[in-house]
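K.L.:
What follows is a predicted protein model with its sequence.
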Amino acid sequence: MIRAHDSVIVRTLGRIVIPVAQLFGIYVLVFGQHGPGGGFVGGVILAASMILAVLIFGRDAPDSWLVTKVLHGDGLGLLLFAGVGGLCLIGGGQFLNYTHLQIPGLDDPSRHYVGILLTQIGVAADVAVTGVSIAISLSAEDEDVSHG
Amino acid sequence: MILELPLLVFLVMTAAGAILAKDLISAVFILGTYSFTLALVWALLGAVDVAFVEAVVGAGLATVFFLLTLSNVLEKDTQIRRSAMPWTALIGLPIVAILLLYGAADLPAFGDPGSPASTHISPIYLERSVEQTRTPNVVTAILMDYRSLDTLIETIVIFTAGISCALIHRKGDA
């Protein structure tokens, strides 16, 4: 299942579609505060683009280097999300109350804005890594099953 | 709202098709169509964020996961053999449907400002979210700021799902 696809059409299209999908995922993630979207959707789109890379080029191909790197980042997004909450605690407030993010030169609404952006990036990283991880797990070659 | 009725009819048709399909792969694709139609309905109702999530997760990622699972299964196991419907279902399901329709008659009208959901705390969110968080999309402001602890727990749930899937399925180096 995880072997490279041999059709030239699929490989060429993949080379065009995957960067566009990743760019769109980042756009949805960053623009989630001004339009529809946000961390969850952006993360899923990023995960889908990486799953597409694995399905087209195979897991060990140089084109899907990002996937093998990403798999090691399990939990980093959660750490970022909870870390922002922890910074609010250190700043002297409640957990995840972004008013107490100690960023000099920003008023309260801007601190909330930065807090929302950081936690959204955390959610997106967590969702993207989880999506790729589940896809890789499900497509793992299992000798016992394939021989019945 | 002329599109509403055809979309809802198509929604019911795809839902029935996903249940009645003869093999699992067709059922997965029809289920993806169902999710996409549901996303269109939600976009029509003005819930753009929900529609976005439904289109990306329901029609995209879930379909990929189902297909990856089915690709590891022998072909004869993806065929569905059904027995006849038991008589308890034939009697019970219409009763449940009548009860649900009876309950739906008491629901507040669409967009009713006096309904309980829009009188309790959502006016406060709608009035203050821009000045408090500088975030024009009020859905994002509620999810990531006012209700961020809930979102944190949801993220933990997703993380746990990925970890358990990896623990169960992956062998050796992966």
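P.N.:
Here it is on my side, so go on. Source: prediction; values computed, not measured.
K.L.:
what residues are up against residue B:47?
P.N.:
With contacts defined as C-beta atoms under 8 Å, 6 or more residues apart in numbering or on different chains, residue B:47 is in contact with no residue. (Each C-beta comes from the backbone N, C-alpha and C, glycine too.)
K.L.:
Check residue A:108 too.
P.N.:
Shown here is residue A:108, whose contacts under the criterion C-beta under 8 Å, 6+ apart are A:99, B:132.
K.L.:
Please report how far it lies from residue B:53.
P.N.:
With the distance defined as C-beta to C-beta, to the nearest Å, residue A:108 ends up 29 Å from residue B:53.
K.L.:
Check residue B:13 too.
P.N.:
With the distance defined as C-beta to C-beta, residue B:13 ends up 23 Å from residue B:53.
K.L.:
Neighbour count: the two, which is higher?
P.N.:
Higher neighbour count among residue B:13 and residue B:53: residue B:53, with 19 against 14, using other C-beta atoms under 10 Å in any protein chain shown.
K.L.:
The helix-or-strand element of chain B with minimal mean pLDDT - contacts with which helices or strands?
P.N.:
Each helix and strand of chain B was given a mean pLDDT (mean pLDDT, DSSP states H and E); the minimum falls on helix B:122-133 at a mean of 88. Judged by 3 or more C-beta pairs under 8 Å, 6 or more residues apart in numbering or on different chains; DSSP states H and E, helix B:122-133 is in contact with helix A:108-138, helix B:138-141.
K.L.:
Determine which stretch of these is the most buried.
P.N.:
Between the helices and strands packed on helix B:122-133, helix A:108-138 has the highest mean count of neighbours, a mean of 23, where neighbours are mean count of other C-beta atoms under 10 Å in any protein chain shown.
K.L.:
And that helix, how far out from the chain middle?
P.N.:
Centroid displacement of helix A:108-138 relative to its chain, using C-alpha atoms, centre = their mean, to the nearest Å, is 6 Å.
K.L.:
Could you check the angle that helix makes with helix B:122-133?
P.N.:
Relative orientation of helix A:108-138 and helix B:122-133, computed by axes from the mean of the first three to the mean of the last three C-alpha atoms, to 10 degrees: 100 degrees.
K.L.:
Could you give the average pLDDT over helix A:108-138?
P.N.:
Helix A:108-138 comes out with an average pLDDT of 92.
K.L.:
how about the helices in chain A?
P.N.:
In chain A, the helices defined using DSSP state H lie at A:8-30, A:39-57, A:65-70, A:76-90, A:108-138, A:143-146.
K.L.:
Contacts only, for the residue nearest to residue A:116 when sequence neighbours are not counted.
P.N.:
For residue A:116, the nearest residue in space outside its immediate sequence neighbours is residue B:144; the separation is 4.4 Å by C-beta to C-beta, 6 or more residues apart in numbering or on different chains. Contact criterion C-beta under 8 Å, 6+ apart gives A:38, A:39, A:115, A:116, A:119, A:120, A:123, B:151 as the residues in contact with residue B:144.
K.L.:
Would you confirm that the third one contacts residue B:140?
P.N.:
To tie it back to what came earlier, the one meant is residue A:115. No - between residue A:115 and residue B:140 there is no contact, the gap being 11.8 Å when judged by C-beta atoms under 8 Å.
K.L.:
which stretches of the chain aren't confidently modelled?
P.N.:
Assuming you mean chain A. Per-residue confidence of chain A (counting by pLDDT under 70) places the weak regions at A:1-2, A:141-148.
K.L.:
look at chain B instead
P.N.:
B:1, B:171-174.
K.L.:
what about residue B:120, which SS state?
P.N.:
Recorded secondary structure, residue B:120: coil (DSSP: H, G, I helix; E, B strand; the rest coil).
K.L.:
where does it fall, phi/psi-wise?
P.N.:
The phi and psi values for residue B:120, taken as degrees, to the nearest 10, are phi -80, psi -80.
K.L.:
Can you get me a residue count around it?
P.N.:
9.
K.L.:
Let me know how buried the closest residue to residue A:32 other than its chain neighbours is, in neighbour terms.
P.N.:
Spatially, and ignoring its direct neighbours in sequence, residue A:32 is nearest to residue A:38 (3.2 Å; C-beta to C-beta, 6+ apart). Here the number of neighbours of residue A:38 (other C-beta under 10 Å) works out to 27.
K.L.:
Residue A:38 touches residue A:122, doesn't it?
P.N.:
No - look at residue A:38 against residue A:122 with C-beta under 8 Å: they stay out of range, at 11.8 Å.
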